[in-house]
Every structure is written in C-alpha cells, then in structure tokens.
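> Give me coordinates for this.
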Amino acid sequence: MQAQKNSDKQLFVGIDLGTSRTSVMSRRGVKTMVRSVVGYPKDIIGVKILNSTVVIGQEALDNHPYLSLHFPLADGVLKETSEKDEQAARELLRHVVNCAEPQADERVFGVLGVPARASLFNKSQLLKITEETMAMAMVVSEPFMVAYGLDKLNNSLIIDIGAGTTDICAMKGTVPSHSDQVTLLKGGNYVDEVFSHAVAESYPDVQMTRFLAQKIKDKYGFVGEPTQEVVVSLRSNGKPLLHDVTRELRFACETIIPDILESLETLVAGFDPEDQAEALNNIILAGGGCNMIGLDVALAEGLKDYGKVHVTRVADPDFAGAAGALKLATELPTEYWNQVGDVIGG
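Residues are numbered from 1 along each chain as shown. Model prediction:
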C-alpha cells in the first residue's frame, strides 16, 4: 500500500472544523484549538500596528477594533456568501494545518468533520479548499468521528453540540446512512442569541454582545433547577453593575432540549426492537455545548417513558471529534477512505 510505503513522509491529522472553534490533532502529538475567525486590517494603520495583512484566531478577536472579522463557517459549513469568506476559509485551513507542524518533505493526510447532514456541495467545497494544503483529505460526519474515537460503533447514539449545529447520529455497526443522522440548526450560537435577547428584555440598559453572552454561557450554562444564582457584572449605561441572569440563562440553555429529544425518539425507533434498550443506555454527549450542567439528566428524564436511559459526556468535549478523526486517519488505509466519507487527492 502506498500509504504504508511512505509512512515516514506522511503526517496524519484530525480536524474538527467548527463554527466557533477548530480543533486539530496530529499523529506527532500536536493537540491545539483555534478560534474560527480571520481578521484583515481595515487600513494601513492596522497593518502597521499588527505588522501583518491577516491575523487568525484569538489574535484576531483581541485586535478586533483594527480588523474586519470574517467567520468563514456558518452552521458548521463554509459560507457561500463572498469571495472574501472563501479566502478567509483558505487562510483558516492553512493556519490549522500549519498548527499540526508538518515538515517540508511531508505530505499531509487529513480527516475533517462536517455536520451530520452537510450537503454534497458543502463537502465538495471544503475538499476543494483542502487541495492547497493536503495531499489527501476526507470529510466525515462529526458525530461519527466521535463514535469512532470512542469505539462506540454499535447500538449507541452520539449527540455533538457545536456552536452552529447540534448533530445526532445513531450507530448501528456500519457507516451511518443519511437516515441515521440528524442536523439541528440550534447550537451554542442559538443559545447565545436567545440569552442576549432575554437579558435585553429583563435589563434594557445592559450592553450585551455576542462574545459576552457566549462567555457567560460557557462558564455558567445549565438546565433544570439551578444549583446557584448566576450573578455577573454587566455594563449598564456604561457602569459595571451586578445582575442576576439565572432565569434568562436557564431559559436560553433549555431551548435546545425539545428538538434533541424529538430527534432521539425518531432515531431510537430506527434501531431493531431488540437493540433499542442497549442504544438508550449508550447516549453520549460531545462538543462544547455538552458542558451545560444538568443536560445529561434532563435528556434522560425526557426519555423516561422508554425505560432505562443512560446519558454520559465524553471526557474531552473540545477534542473528542478531532481525536476520532485522527484515529480514523491513522487506522484506516487510505485506499478505503472513500468507503467512509467524501475524498479528494491520494
């Protein structure tokens, strides 16, 4: 096999390309995360301050006053709005691959995650961009990557809550089919938006941004009865004041539960009757959104009519997808990649 002959000149990487954050892991041991944002200086002053014509990730957010920010992904897939967004996507992917530290004489072979039901156009668009940075690339469903990394390939249900989408996949011992997967357009960004509006309604004088809402949700997000009040300092007419946002945060976080439960009910019914009990005992939460306190309990409670239900979280939500992608890239010979996902190169 070509892959085995040139193994010393190849670098395998797993990439979880997310709307908000992108995580990457390599066989050489790199494990890092990048904010999925690209910034271009607004004018020559910004170029002088930053000494660069493009900045990526947290550096772009930290210097946003001088920059035009581009988030090249929306709802977990590449935007289709402008050439600038496409350029930003290329810059982001090139940066992510460079984070994996390929050597000059190495060819990069990468597996990338996309939402469970991403369109063929979205997949081909992403693969086209990877041609500039990888010798071979495969795109696969994000929850499938998580399942592969955990060896939960049969009678399990994976819920991957990202910023742009929530993806749910029923694993039945085969590569999941279209009907085994669901993509919901309600992820962390949706919760942030609902939370911002709820705070604005309760406290009209408060200045709330998307980034501030996300920061509060990531730190205190919960569903169900609160274990403590969420009191945070917010600017009200410019002055920092403490505000109790417990009720607003709970309301926002719980908005994603009904759609997840409805999708789980549909997917559970797709298992053979003798396998449904095992699947209900193997429901796994992944992605940054799974950190909401009480979400596992709330989902189990919502499915109580189905009998015994066990919901767990992955140990490393931010990297479970990338770890599964890397495992897939290193374990599966490249000549079989097209049996699992969409492929380019080789």
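> just the helices in the stretch 201-346 of the chain please.
Counting by DSSP state H, counting those that start in this stretch, the segments of the stretch 201-346 of the chain that form helices are 210-220, 246-254, 257-269, 273-280, 295-302, 320-331.
> Reformat those helices as TSV; add mean pLDDT.
Below are the helices of the stretch 201-346 of the chain laid out as TSV (pLDDT from 0 to 100):
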stretch	mean pLDDT
helix 210-220	92
helix 246-254	98
helix 257-269	97
helix 273-280	97
helix 295-302	97
helix 320-331	96
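> just the ones you listed: most buried one?
A comparison of these by mean neighbour count, using mean count of other C-beta atoms under 10 Å, puts helix 320-331 on top with a mean of 25. Yep, even glycine has a C-beta here, placed from its N, CA and C like the rest.
> Contacts made by that helix with the rest, please.
Helix 320-331 has contacts (C-beta atoms under 8 Å, 6 or more residues apart in numbering) with 12-16, 23-27, 31, 109-113, 138, 140, 142, 144-150, 160, 286-287, 314, 316, 340.
> Buried ones among the residues you listed?
Among the contacts of helix 320-331, those classed as buried by 16 or more other C-beta atoms under 10 Å are 12-16, 23-27, 31, 109-113, 138, 140, 142, 144-150, 160, 286-287, 314, 340.
> Return the subset of those residues lying in helices.
Among the buried ones among the contacts of helix 320-331, the members found in helices (DSSP state H) are 142, 144-150.
> In CSV, list the residues you listed along with pLDDT and distance to V55.
Converted to CSV, those look like this (pLDDT from 0 to 100; distance: C-beta to C-beta, whole Å):
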residue, pLDDT, distance to V55
E142, 89, 27
F144, 94, 33
M145, 94, 29
V146, 95, 31
A147, 96, 35
Y148, 95, 34
G149, 96, 31
L150, 96, 35
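> wait, which of those is closest to P204?
Nearest to P204 among those: E142, at 38.2 Å, using C-beta to C-beta.
> what's near enough to touch that closest one?
E142 touches 16, 76, 113-116, 160, 162, 167, 287, 321, counting by C-beta under 8 Å, 6+ apart.
> Report the separation between it and S20.
13 Å (C-beta to C-beta, to the nearest Å).
> do the same with Y190
Counting by C-beta to C-beta - Y190 and S20 are separated by 12 Å.
> next one: D272
D272 is 37 Å from S20, by C-beta to C-beta.
> Pull the contacting residues for M171.
M171 neighbours (C-beta under 8 Å, 6+ apart): 144, 147, 152-158, 180.
> how about the contacts of E142 in CSV, adding distance to F195?
Converted to CSV, those look like this (distance: C-beta to C-beta, whole Å):
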residue, distance to F195
D16, 24
G76, 20
G113, 26
V114, 27
P115, 22
A116, 25
D160, 21
G162, 17
D167, 22
G287, 18
G321, 24
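> Show me the residues you listed that map onto strands.
16, 113-114, 160, 167 (DSSP state E).
> is it true that V114 touches L78?
No. When contacts are counted by C-beta atoms under 8 Å, V114 is not listed as touching L78 (9.3 Å).
> So if I had to pick from those two, which one is more boxed in?
Remark: of V114 and L78, V114 carries more neighbours, 27 against 24, as counted by other C-beta atoms under 10 Å.
> The more buried one bridge partners, please.
Beta-bridge pairing for V114 (DSSP bridges): S141.
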